[in-house]
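# here's my sequence, what's the structure:
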Amino acid sequence: MTMTVPREVVYTPDSQLRRPFQFARSLVRDLRASRELALTLFARNMKSQYRQTLLGYLWAFLPPVVTTVTFVLLHAQNIIQGGETSIPYPAYVLLGTLLWQGFADALNNPIRLVNASASMLANVNFPREAILLAGFLEVLFFFGIRIVLLLAVFVGYGIPVPLTILLAPLGILALMVLGFVFGLFLIPLGVLYKDIEMGIGIFLSLWFFATPVVYQTPTSGLLATLVGMNPLTPLIATTRELMTTGNLTCFGQFLGVCLGTLVLLLLSWGLFRLAVPHIVKVMQD
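Numbering: from 1, shown residues only. Down below sits the predicted model:
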């Protein structure tokens with residue numbers, strides 16, 4: 001019987017950035033090695049997350065449904081004006097809300113899972129990327145089951161689907177990766193200060209209203225300036241257009257944000273790996 005010997009890890013005071021190519025190879029190697037463990041952690045998280053709930057996976061549907069119903073009712077009473085939408089307003093809001101929820105889940109998951117895995121990080125030697133991959137799989141899973149709501153609404157309203165919908169997964173993935181990037185950047189502070197994790201909800205609530213989720217992208221005024229500076233604007237607007245009309249109004253900005261997101265992903269991943277020894281030390285103290 002043969003036994004697999006764990007790879008020896010030696011921590012030294014020298015910065016890993018002094019050997020950037022070796023550091024990059026270690027990132028790729030550990031990412032590959034973490035795939036099987038990530039699937040195991042994902043399955044464990046799914047079983048434990050709703051184990052003691054009555055509604056189970058229905059909780060995954062409630063946030064976008066409640067948000068959609070709220071804004072549809074406000075719009076029907078002329079309390080808010082969402083502008084002239086290309087598809088019926090309820091479908092417009094639901095689609096925007098689902099895209100936003102995927103981004104918000106991706107931002108929240110890294111800090112939540114790292115804090116929940118404190119004991120494992122401090123006592124077990126394993127590729128740390130497994131925790132991150134498991135979290136990203138959760139985001140994809142929940143978005144996948146929520147898309148059933150959107151399909152039902154599209155069928156109910158008889159909304160035609162253009163061929164550009166085949167490109168929509170690129171926008172959905174970009175939104176989730178951007179959320180994950182912000183979450184990765186927040187991990188070092190989030191481990192030190194619980195205020196970060198507790199304050200994310202407030203910050204996201206403010207960000208929600210500066211993003212064209214439940215209204216058309218404005219063209220003038222202070223809100224138009226804020227929305228124009230928001231990196232989520234081209235991602236949500238273009239993804240929604242890919243899934244509904246096929247008329248792309250800000251595709252160049254969309255590609256620019258996608259490219260920037262890829263660069264930030266590499267930076268945030270490297271920062272996470274550099275911060276891991278310090279994170280483990282804080283968790284052990």
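
# helix, strand or coil for residue 87?
coil (DSSP: H, G, I helix; E, B strand; the rest coil).

# surely it and residue 158 touch.
No - at 10.3 Å, residue 87 does not count as touching residue 158 under the criterion of CB atoms under 8 Å. Quick note: C-beta positions are derived from backbone N, CA and C, even for glycine.

# neighbour-wise, which of the two wins?
residue 87 (18 against 7; other CB atoms under 10 Å).

# residue ranges of the helices in the protein, please?
Using DSSP state H, the helices of the chain run over 20-33, 35-49, 62-76, 89-116, 118-123, 129-157, 168-192, 194-209, 222-229, 232-243, 251-284.

# where does the protein have low pLDDT?
Within the chain, the segments meeting pLDDT under 70 span 1-21, 50-57, 82-83, 283-285.

# repeat that with 80
Under the criterion pLDDT under 80, the flagged ranges of the chain are 1-24, 26-27, 45-62, 74-84, 118-119, 121-125, 192-194, 277-285.

# what sits against the residue nearest in space to the middle of it?
Centroid-nearest residue in the chain, with CA atoms, centre = their mean: residue 106, separated by 2.1 Å. When contacts are counted by CB atoms under 8 Å, 6 or more residues apart in numbering, residue 106 touches 136, 139, 175-180, 183.

# kindly recompute the last result at 7 Å.
139, 176, 179-180, 183 (CB atoms under 7 Å, 6 or more residues apart in numbering).

# same check, this time on residue 110
By CB under 7 Å, 6+ apart, the neighbours of residue 110 are 132, 135, 180, 183-184, 187.

# dump these to JSON lines, plus distance to residue 247 and neighbour count.
Output for the contacts of residue 110, formatted as JSON lines (distance: CB to CB, whole Å; neighbours: other CB atoms under 10 Å):
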{"residue": "132", "distance to residue 247": "36", "neighbour count": "25"}
{"residue": "135", "distance to residue 247": "35", "neighbour count": "26"}
{"residue": "180", "distance to residue 247": "29", "neighbour count": "26"}
{"residue": "183", "distance to residue 247": "32", "neighbour count": "27"}
{"residue": "184", "distance to residue 247": "34", "neighbour count": "23"}
{"residue": "187", "distance to residue 247": "39", "neighbour count": "22"}
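
# now the residues you listed as TSV including distance to residue 98?
Shown next, in TSV, are the contacts of residue 110 (distance: CB to CB, whole Å):
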residue	distance to residue 98
132	23
135	19
180	17
183	19
184	23
187	26
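
# nearest to residue 79 among the residues you listed?
residue 183 (33.2 Å; CB to CB).

# mind checking how far the closest one is from residue 174?
Going from residue 183 to residue 174 by CB to CB, to the nearest Å gives 15 Å.

# name the nearest residue to residue 162, ignoring sequence neighbours.
In space, not counting the residues next to it along the chain, residue 162 is nearest to residue 246; the distance is 3.5 Å by CB to CB, 6 or more residues apart in numbering.

# revised request: answer the last question for residue 103.
residue 179 (4.2 Å).

# doesn't residue 101 make contact with the one you found?
No - using CB atoms under 7 Å, residue 179 makes no contact with residue 101, being 10.0 Å away.

# higher neighbour count, the two?
Ranked by neighbour count (other CB under 10 Å), residue 179 and residue 101 place residue 179 first, with 26 against 21.
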